[in-house]
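Asks: Structure of the sequence below:
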Amino acid sequence: MKIIRVDEHTPAADLSLRPGDELLEINGHPIRDEIDFQFYSADPQLRLVIQRGARVFSRSLRRTWEGSFGVEFQGMKYRHCGNRCVFCFIDQNPAGLRASLYFKDEDYRLSFLYGNYVTLTNVSRQDLVRIVEQRLSPIYVSIHAVDPEVRRRMLGIGRDDHLMEKIRFLTDQGIVVHAQIVLCPGYNDGRVLEDTLQRLRVFYPGLRSVAVVPLGLTRHRRGLEKLAPVSPRSARRTLQIIEKYADACKRELDWYWVHAADEFYLRAQAPIPARARYEDFSQIENGVGLCRDLIDTVRRQVRYFPKRVQARRITLITGRSAEPLLRQHVLPSLQAISGLQVNLQAVANRFFGRRVTVSGLLTGQDIVRHVHGKNIGDLLVLPPNCLNPDGFFLDDWTPRRLEQRLGVRVYQPSSFLQLFKAL
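Replies: Numbering: from 1, shown residues only. Next up, the predicted model:
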């Protein structure tokens, strides 16, 4: 691990470590990445092996500090995905995006650190042992189907990757696994889905939850296999299967275990389940329970909404799938505020195609195209999930660029209560 920065007045500075030094070992253990460093540096006595140019030397110290050791390492090199999944969203990206949007990661370390889903097709026995030894739990696994032939077909691999053996090994050793199934009509729905859920249930409680999410289809699928979208009818059929298994699990295990992504309820025009249905909301980052959380959050916060504000007109941006939910559960509370005019705009996604309806995949140029010439008012309000941590849309537009094009202030609140700070 190459050191690129050493902070002053830290244990690393006391050892006279420098940028450019490479940390080779701690207590005889090779240091391959930051996970190794954090794990092995927790010992009470540490012996570090350092390489500086051609020189290799060691430093010893006692673990007496709390917080940071005081170094920044060069970023990890991530494992690339070698699968050819028929539904892969990255294969459906248009040309001209930033390079990171074309990188397909398949790295169990990112699964532990950030909740990225991995198929485990490229993990070795040594990797599995490391996961257990270093307690890299929970991890998030893309299953899709447990039937080897269906899984091979969906992942585009030419062999049985022994997924069930890997899941059994991890769960037997106390690693918590959260799973997802990307539902592709004609591949892993219907009886295949039922078979998958039935055979996975034996791994509970180690396999803590299963999320079923619909495939995403963009308009950039030239040269790719033809796939059918999840229609309202197939969404209803899938919900029937999921709820049947969830109810059985609740009776037998006292845990619902399997969950449908919010998109299924929206496409089927079915009621959003109660909060208790989502247990601990462990799959909320996968689009499971976001709608329920939004509804409940607004209900909690509405008592703190102001009764009146200085005359303002605002425009709320959303994707087409969430529009009915916002009109029913959010707009009435905002429109009840004296002096506030609220205009809800559901933006059609031309960048990826009209089949993509979630707000998290909206782009700056589509928003501008949709609202240009309309009476936006005093403030354009973005949904909370359409910008990355650096403040960029998927097309590299920024809120500042929207402001320049539209001549109106653009704001992305983390909650509706925060919205009033901008008025």
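Asks: hey, let's count contacts and neighbours off CA atoms from now on
Replies: OK.
Asks: Ramachandran angles for Asn343?
Replies: Backbone dihedrals for Asn343, given as degrees, to the nearest 10, come out at phi -120, psi 120.
Asks: tell me the secondary structure for Gly373?
Replies: Three-state call for Gly373 (DSSP: H, G, I helix; E, B strand; the rest coil): coil.
Asks: Begin at 3 from now on, thanks
Replies: Fine by me, first position is 3 from now on; the one you just mentioned is Gly375.
Asks: hey, where'd the helices end up in the stretch 203-352 of the chain?
Replies: Assigned by DSSP state H, counting those that start in this stretch, the stretch 203-352 of the chain shows helices spanning 234-255, 264-270, 292-303, 325-331, 333-337.
Asks: Give the burial count for Ala14, as a bare number.
Replies: 17 (other C-alpha atoms under 10 Å).
Asks: Name the nearest residue to it, sequence neighbours excluded.
Replies: Gly72 (5.4 Å; C-alpha to C-alpha, 6 or more residues apart in numbering).
Asks: From Asp264, how far out is the one you found?
Replies: 42 Å (C-alpha to C-alpha, to the nearest Å).
Asks: Also Pro32?
Replies: The value you get for Pro32 to Asp264, if C-alpha to C-alpha is used, is 44 Å.
Asks: Between these two, which is the more surrounded one?
Replies: More crowded of Pro32 and Asp264, by other C-alpha under 10 Å: Asp264, with 24 against 15.
Asks: tell me the pLDDT at Pro386?
Replies: As predicted, Pro386 sits at a pLDDT of 88.
Asks: ok, back up a step: hang on, isn't the residue nearest to Ala14 packed against Asp16?
Replies: No - using C-alpha atoms under 8 Å, Gly72 is not in contact with Asp16, being 9.7 Å away.
Asks: ok, back up a step: using CSV, please lay out the helices of the stretch 203-352 of the chain together with distance to Pro46.
Replies: CSV is the format used below for those (distance: least, C-alpha to C-alpha, whole Å):
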stretch, distance to Pro46
helix 234-255, 41
helix 264-270, 47
helix 292-303, 43
helix 325-331, 53
helix 333-337, 56
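Asks: Which of the ones you listed has the highest mean neighbour count?
Replies: Comparing these by mean neighbour count (mean count of other C-alpha atoms under 10 Å), helix 264-270 ranks first with a mean of 20.
Asks: And that helix, how far out from the chain middle?
Replies: 18 Å (C-alpha atoms, centre = their mean, to the nearest Å).
Asks: cool, stretch 334-349 as well?
Replies: On C-alpha atoms, centre = their mean, the centre of stretch 334-349 falls 30 Å from the chain's centre.
Asks: can you give me the mean pLDDT across that stretch?
Replies: Across stretch 334-349, pLDDT averages out at 95.
Asks: Domain parsing of the chain, as residue ranges.
Replies: Per automatic domain parsing, the structural domains of the chain span 5-75, 92-289, 298-424.
Asks: could those domains go into JSON lines alongside distance to Gly84?
Replies: Listed next are those as JSON lines, based on distance: least, C-alpha to C-alpha, whole Å:
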{"stretch": "domain 5-75", "distance to Gly84": "21"}
{"stretch": "domain 92-289", "distance to Gly84": "8"}
{"stretch": "domain 298-424", "distance to Gly84": "24"}
